[in-house]
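In: everything below, folded, please.
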Amino acid sequence: MRLQPVPGVRLSPSPLVDAFLHDWTKVSALYPYDWSQQGSYQARADFLLGGGYRGDRKAVSAALTRYSEELGADELALQNAAKLAEPDTLAIVTGQQAGLFTGPAYAVYKALTAVHLAKEQSERLGKPVVPVFWMAGEDHDWAEHAGVLVPTAAGTQRLQFHDSFEGDRRSVGLAPVPASGRALIDELSALLPDTEFKVEVLGKLLDALEAPPALEPAATGGQPSLVDWAGRTMAWLTAGTGLVFLNSADPALRRIEAPFLRQAIDSFGAVDAALAQGFERMQSLGFSPTVERQAGNLNLFIYVDGERLPLVGDGEHFWVRSREELRWTKAQLIALTEGAPERFSTNVVLRPVIQGFLLPDLAYVGGPGEISYFALYKEVFTTLQSQMPVVYPRRSLTLVEPPIARILEKQDLTLTDVLYHLDERRQEFLEREDRLGITERFTTFRTGLESQYAELLSSILELDPTMRQFAEENRKHLFFQIQKLEEKTRQQHRKNCEVALRQFDRLKGSLTPQGLQERAVSFVPYLAKYGPNLAREILPLLATLGPTEHGALFLGLDEHA
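Out: Alright, predicted model coming up:
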């Protein structure tokens, strides 16, 4: 296995993200800490340990220890969860929405980046720093969780839940895994080659699916949720890294968060003004916000009959957007935070802030979307007596299997070629293999024919000037037939090159099925080919890859690949 940087690959087309990664001066007004400077981590640690973190360490540690244990996390992870109760422990946090077979591969790369950064900062700061994976159990957008691509020798195949979730606003961490989960394991099995690891990997997926719920039984109706399934799978494939797990839908955490929820309701107007200030600052710097701001948004959801519904209001009264019959006074909402805090859930604006309420978050490892979100929230953190953590970019990888590596070598292509210039390289290949010289031959033939036809037409018109129209029609027909002949010749040339052209298609399907591979393809199928230790084997290689570099990971030779 070999990891090498790939020049010219951008994590995102966003100008803000590009500046965040490569030109800090353009975005320094949006973030309190420059992620590329070690002094930022020291300053953040000093802030947290000097009174900036006011969370209930013991309660949070107990909740994360219990949840990680329920997911089957190993002893090192449980030790790290316990360390969070100690007064000098810090956390590197990352997270992702739970998806089928852990979702797109970048969720795993986020986790590994957090583990890597935690180890690095623990050594540099001389303090315990533990990695925490925030399972976004409150999210209710089932469409984002329902499917994933699986790599096969014939290209990528999409697997997704067969169940319909249209109109369903249940949080994925509080609802059972859809009924088609077991069938999807069978479908995955049919797509995977028979290897020495296949049975173990599929067995782990099934065990994770059939295990009891990891949250309080009442929270999920006594059934495991999609978050539990994804979390157990993630805990298994990252075993030995010390990664701790947190489910944001955990009622035990919501009870800890009750003071924050009251503060958010009390500070409704100030938070809205702070968010508006963030929008104005971003726009003044020439960047476009990626979060919608709606006047009157409380930035909290409330659960009603199991559905997660958005709250809006005027400061004294609050109601569900588009359902004004569901309304509460400010006093009633605050009373609910005390008596039933599990009925509340934060939105994309308050989620990063409540993270800092729960955890001593030295840094957050994020992708392009999160980097953009955080850029809006500097004043929101301050308004709620908090401070944004260091925002650190996740590592970005493309997995290159041996057959794909051989095609790259044979066609003398780089990953950059495949990402950005594949159509050009395909055309260049066809031109190299064109022994006939189709373009030149037909161009020369047309030029000569045009000249001869013009001479002929001149003579004909001397004989009979009225034949011009007929001659022009004849000319169009003649050159149309020549064009058809050229097209048929090119078709035959492409047919002669069919094997190689299929290889170009295979490169696209394997490496860039929908843009960067990591954004669409599941990491789990690679475990069946290259072993369940793959994530742990990747981890030490991350130190050789710069934080702003995209890496091509050439996987080991395998006859089944």
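In: going forward, measure contacts and count neighbours with C-alpha atoms only.
Out: OK.
In: leaving out the residues flanking it, which one is nearest to Ala154?
Out: Spatially, and ignoring its direct neighbours in sequence, Ala154 is nearest to Arg506 (7.5 Å; Cα to Cα, 6 or more residues apart in numbering).
In: tell me, how many residues neighbour that neighbour?
Out: 21 (other Cα atoms under 10 Å).
In: just the pLDDT for it.
Out: Model confidence at Arg506, expressed as pLDDT, equals 91.
In: ok, now the one 4 residues further on?
Out: We note a pLDDT of 93 for Ser510 in this prediction.
In: give me the neighbour count for the residue nearest to Glu433 when sequence neighbours are not counted.
Out: Spatially, and ignoring its direct neighbours in sequence, Glu433 is nearest to Cys497 (7.9 Å; Cα to Cα, 6+ apart). Residue neighbour count, defined by other Cα under 10 Å, stands at 15 for Cys497.
In: which residues touch the residue nearest to Lys508 when sequence neighbours are not counted?
Out: With Cα to Cα, 6+ apart as the criterion, Lys508 has its nearest non-adjacent residue at 6.7 Å, and that residue is Val418. Val418 is in contact with 507-508, 511-512, counting by Cα atoms under 8 Å, 6 or more residues apart in numbering.
In: buried stuff in the helix or strand harbouring Val418?
Out: Take DSSP states H and E as the rule and Val418 turns out to sit in helix 415-420. Within helix 415-420, the residues scored as buried using 16 or more other Cα atoms under 10 Å are 415, 418-419.
In: so how far is the lowest-mean-pLDDT helix or strand in the chain from its chain's centroid?
Out: Ranking every helix and strand in the chain by mean pLDDT, DSSP states H and E puts helix 217-220 at the bottom, with a mean of 74. Chain-centre distance of helix 217-220: 28 Å, with Cα atoms, centre = their mean, to the nearest Å.
In: ok, and what's touching that helix?
Out: The contact list for helix 217-220 (Cα under 8 Å, 6+ apart) reads 173-176, 213, 223, 251.
In: same thing but at 7 Å, please
Out: By Cα atoms under 7 Å, 6 or more residues apart in numbering, the surrounding residues in contact with helix 217-220 are 174-176.
In: again, but for stretch 160-180
Out: With contact meaning Cα under 7 Å, 6+ apart, stretch 160-180 is reached by 137-140, 142, 146-148, 181, 219-220, 223-227, 249, 306-308.
In: what of stretch 190-197?
Out: By Cα under 7 Å, 6+ apart, stretch 190-197 touches 152, 528-529, 531, 560.
In: the same query, at a cut-off of 8 Å, please.
Out: Counting by Cα under 8 Å, 6+ apart, residues outside stretch 190-197 touching it are 150, 152, 198, 525, 527-532, 560-561.
In: okay, now that stretch: how far is its last residue from its first?
Out: Using Cα to Cα, to the nearest Å, one end of stretch 190-197 lies 14 Å from the other.
In: look up phi and psi at Ser396.
Out: Dihedral pair for Ser396: phi -130, psi 130, per degrees, to the nearest 10.
In: just give the closest residue to it, not the sequence neighbours.
Out: His550 (5.0 Å).
In: beta partners of that neighbour?
Out: Val6, Ser396 (DSSP bridges).
In: ok, it touching Leu397?
Out: Yes. Using Cα atoms under 8 Å, His550 is in contact with Leu397, at 5.7 Å.
In: pick out whichever of those two has more residues nearby.
Out: Neighbours were counted for His550 and for Leu397 using other Cα under 10 Å; Leu397 has more, 24 against 21.
In: please confirm that Leu149 is located within a strand.
Out: Yes. With DSSP: H, G, I helix; E, B strand; the rest coil as the criterion, Leu149 is located in a strand.
In: number the residues from 399 up from this point.
Out: Okay, using 399 as the starting number, the last item reads as Leu547.
In: show me the contacts for it.
Out: Leu547 touches 502, 554-557, 918-920, counting by Cα under 8 Å, 6+ apart.
In: could you rerun that using 10 Å?
Out: Leu547 sits next to 498-499, 501-503, 553-558, 911-912, 915, 917-921, 923 when contact means Cα atoms under 10 Å, 6 or more residues apart in numbering.
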